[in-house]
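# Make a model of this:
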Amino acid sequence: MTNDSQNLTPARRAPSVVIAFRTLVRTLRHGYDNLFTLLLVSVFWYAAAILILPIGVATAGLHRVVQPMTEERSADWRNFYRHVRADLRWSSLLALIMILGFVLIQINIRFYGASDSSVLQFLSILFGTFLIIWSGMALFAFPLALRQEEQQVRTTLRNAVIMVLSNAPGVLISLILLVILAVVLVLVPPLFAIVPGVIALWGAENTRMLLVGSGYIPKDEIADRERVKK
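Predicted coordinates for the structure are as follows:
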């Protein structure tokens, strides 16, 4: 995404529901093809979380590693730490905003949901809708930021909310499929270790295909090539 296209504006509508299911297929295929790398950077991410390092930097590093996977190119696990200094400020701020958003939305859902007033209970449903929108934004935020020439948090948040609202049905299906996949991975002891990498790969896959489907970025000559059916 160039400077001129850092702010997403309505183009053509992407087939978001179809893309949600394609995201599942591509995440499974590319995750399997890069299983060792995905495991390694997921362990790095867990280590950062346990050591209370800036979670935003670790998440940005995770996305830098998985982005080439979505384009069916070689992924280098060393990219996890190569951009720490450059990513520190914007990634930490973006992660902080995402986390605070989830906390505030959950507080409001619990507060209004516990009320005896039907009007206030309706507000809990409204905040439940906000939770879905915010979850979609969290899924797209880091992949979008890395596709911008400048990682400006305000621009990233604006682009994320536009992407979610303009592809709402597909984003909802994508989140449901991702939750199901994450639960399956958690329930299988050896596979729970790759959950952070799989979530990052899912977000990167979904983001790239929505951008291609909407015409914001051109098709990739490798990742989007026509496959010959045998």
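# CA atoms only for stretch 105-113, dumped as PDB, please.
Backbone C-alpha positions of stretch 105-113 (Å, rounded to 0.1, in the frame of the first residue of the first chain) are rendered in PDB as follows:
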ATOM      1  CA  ILE A 105     -16.100  -3.200  25.900                       C
ATOM      2  CA  GLN A 106     -16.200  -6.200  28.300                       C
ATOM      3  CA  ILE A 107     -16.800  -3.900  31.300                       C
ATOM      4  CA  ASN A 108     -19.700  -2.200  29.600                       C
ATOM      5  CA  ILE A 109     -21.200  -5.600  28.500                       C
ATOM      6  CA  ARG A 110     -21.100  -6.900  32.100                       C
ATOM      7  CA  PHE A 111     -22.400  -3.600  33.600                       C
ATOM      8  CA  TYR A 112     -25.400  -3.200  31.300                       C
ATOM      9  CA  GLY A 113     -26.100  -7.000  31.200                       C
END
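# If you average the pLDDT over it, what comes out?
For stretch 105-113, mean pLDDT rounds to 92.
# which stretch of helix or strand covers the residue nearest the centre of the chain?
The chain has residue 139 as the residue nearest its centroid, 2.6 Å off, counting by Cα atoms, centre = their mean. Following DSSP states H and E, the helix or strand that holds residue 139 is helix 118-146.
# next one: residue 80
Here residue 80 is assigned to helix 79-82, by DSSP H and E.
# Check which residues of that helix are buried.
Using 16 or more other Cβ atoms under 10 Å as the test for burial, helix 79-82 gives 79, 80, 81. Glycine gets a C-beta too; all of them are placed from N, C-alpha and C.
# Touching stretch 45-65 from outside, list them.
The set of residues external to stretch 45-65 that reach it, using Cβ atoms under 8 Å, 6 or more residues apart in numbering, is 37, 41-42, 44, 75-77, 79-84, 87-88, 90-96, 99, 142-143, 145-146, 193, 196-197, 200, 203-204.
# related to what we said a few turns ago, next, the nearest residue to the residue nearest to the centre of the chain once chain neighbours are set aside: secondary structure please.
Leaving aside its chain neighbours, residue 139 sits nearest to residue 203 (4.4 Å; criterion: Cβ to Cβ, 6 or more residues apart in numbering). For residue 203, the secondary-structure state derived from DSSP: H, G, I helix; E, B strand; the rest coil is helix.
# ok, now residue 210?
What three-state DSSP gives for residue 210 is helix.
# Now do it, the pLDDT please.
Confidence score, pLDDT, at residue 210: 95.
# Surely it is in contact with residue 163?
Yes: with contact defined as Cβ atoms under 8 Å, residue 210 counts as touching residue 163 (6.2 Å).
# so what sits against both of those two?
Joint contacts of residue 210 and residue 163 (Cβ under 8 Å, 6+ apart) do not exist.
# returning to that earlier point: out of the buried residues of helix 79-82, which is nearest to residue 189?
Checking those against residue 189 by Cβ to Cβ gives residue 80 as the nearest, at 24.2 Å.
# so what's the closest one up against?
The contact partners of residue 80, by Cβ under 8 Å, 6+ apart, come to 41, 44, 58, 61, 62, 64, 65.
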